[in-house]
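[1] Below is the structure, and that's it, no one-letter string:
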């Protein structure tokens, strides 16, 4: 499939609309579960006394935030006129799809752990953890596919591609370190779990790059320049870092 054919193969306007609805629904689920958890644990101090109760609440709050951001960005991505532009914006906004799915399974696992006495032990949390791993693998494969398709759209000589790839790799490492430092700082001040801070930071970064690309590059018909490579880099970090950190947290609690 050529680069031009890929735009006709997928209708990113429709895809953005569908995922906007999915993110809205997931946000409603997180809100409902959070409300029930707070109400039920108010009546039962045993669950509230669990060491993972606060982590569960943090996961649900992070999920609500990510779904809210993602649904807004998907609505904007689906409103642009060109499918080529929609595919670029969809890639940026889809960071929140990955994070929402990750946080959904982490919340399910933590909920099962908090109420493991009612569920008869750790069997269900372990099953959910392995489901999370399969979803994580699918997420990585989707991420790689999106990156490869976007990378083909960068029209520069082969030699320049090698230099650009090295620069983007170095930038990705730098961004990941910055994210981790912010996570460590906030964890020290608020005890908010670092993995969920990384999820929130990735969502915030997606908003920033989305606005820059849509309002200052596409809206004014400016040459894309480094907009697509930077988007690819932030997309890769925004998916892989939250996935790895939440998987690490999940492994530590089961």
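    Done, it's in. Everything numeric in this text was worked out from a predicted model, so none of it was measured.

[2] Need the residue closest to the centroid of this protein.
    Residue closest to the mean C-alpha point of the chain, counted by C-alpha atoms, centre = their mean, is residue 99 at 2.7 Å.

[3] Spell out the residue ranges of the helices in the stretch 151-254 of the chain.
    158-190, 194-211, 227-253 (DSSP state H, counting those that start in this stretch).

[4] Tell me which residues of the second one come out buried.
    In this case it means helix 194-211. Within helix 194-211, the residues that count as buried by 16 or more other C-beta atoms under 10 Å are 194-203, 205-207, 209-210. Bear in mind the C-beta positions are built from the backbone N, C-alpha and C, glycine included.

[5] cool, the first one as well?
    Within helix 158-190, the residues that qualify as buried are 164, 168, 172, 175-176, 179-180, 183, 186, counting by 16+ other C-beta under 10 Å.

[6] Kindly reformat those as a markdown table and extend each row with distance to residue 93.
    A markdown table is the format used below for the buried residues of helix 158-190 (distance: C-beta to C-beta, whole Å):
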| residue | distance to residue 93 |
| --- | --- |
| 164 | 23 |
| 168 | 20 |
| 172 | 19 |
| 175 | 18 |
| 176 | 20 |
| 179 | 19 |
| 180 | 24 |
| 183 | 22 |
| 186 | 24 |
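
[7] Could you dump those residues into a markdown table with pLDDT and distance to residue 114 added?
    Below are the buried residues of helix 158-190 laid out as a markdown table (pLDDT from 0 to 100; distance: C-beta to C-beta, whole Å):
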| residue | pLDDT | distance to residue 114 |
| --- | --- | --- |
| 164 | 92 | 46 |
| 168 | 94 | 40 |
| 172 | 96 | 35 |
| 175 | 96 | 33 |
| 176 | 96 | 30 |
| 179 | 96 | 27 |
| 180 | 96 | 27 |
| 183 | 94 | 23 |
| 186 | 92 | 23 |
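
[8] Would you mark the buried spots in stretch 61-80?
    Going by neighbour count (16+ other C-beta under 10 Å), the buried part of stretch 61-80 is 61-78, 80.

[9] Which of those residues fall within helices?
    Using DSSP state H, the members of the buried residues of stretch 61-80 that fall in helices are 61-77.

[10] Do you know the pLDDT at residue 73?
    At residue 73, the model reports a pLDDT of 95.

[11] Once you drop chain neighbours, what's closest to it?
    Here the nearest residue to residue 73 in space, its sequence neighbours aside, is residue 93; by C-beta to C-beta, 6 or more residues apart in numbering that works out to 3.6 Å.

[12] thought that neighbour was touching residue 210?
    Yes: contact criterion C-beta atoms under 8 Å: residue 93 and residue 210 qualify, at 6.3 Å.

[13] shared neighbours, those two?
    With contacts defined as C-beta atoms under 8 Å, 6 or more residues apart in numbering, the residues adjacent to both residue 93 and residue 210 are 73, 76-77.

[14] Any figure for the gap between residue 160 and residue 167?
    10 Å (C-beta to C-beta, to the nearest Å).

[15] Near residue 32, how many other residues are there?
    Per other C-beta atoms under 10 Å, the neighbour tally for residue 32 reads 11.

[16] wait, residue 53 sits on residue 38?
    No: counting by C-beta under 8 Å, residue 53 stays clear of residue 38, with 10.3 Å between them.

[17] of those two, who's got more company?
    A direct count of neighbours by other C-beta under 10 Å for residue 53 and residue 38 places residue 53 higher, at 18 against 12.

[18] And the buried residues of helix 194-211, which is closest to residue 12?
    The nearest member of the buried residues of helix 194-211 to residue 12, counting by C-beta to C-beta, is residue 210 at 13.9 Å.

[19] residues contacting that closest one?
    Residue 210 makes contact with 73, 76-77, 89, 92-93, according to C-beta under 8 Å, 6+ apart.

[20] so how many other residues sit close to residue 25?
    For residue 25, the neighbour count with other C-beta under 10 Å is 12.
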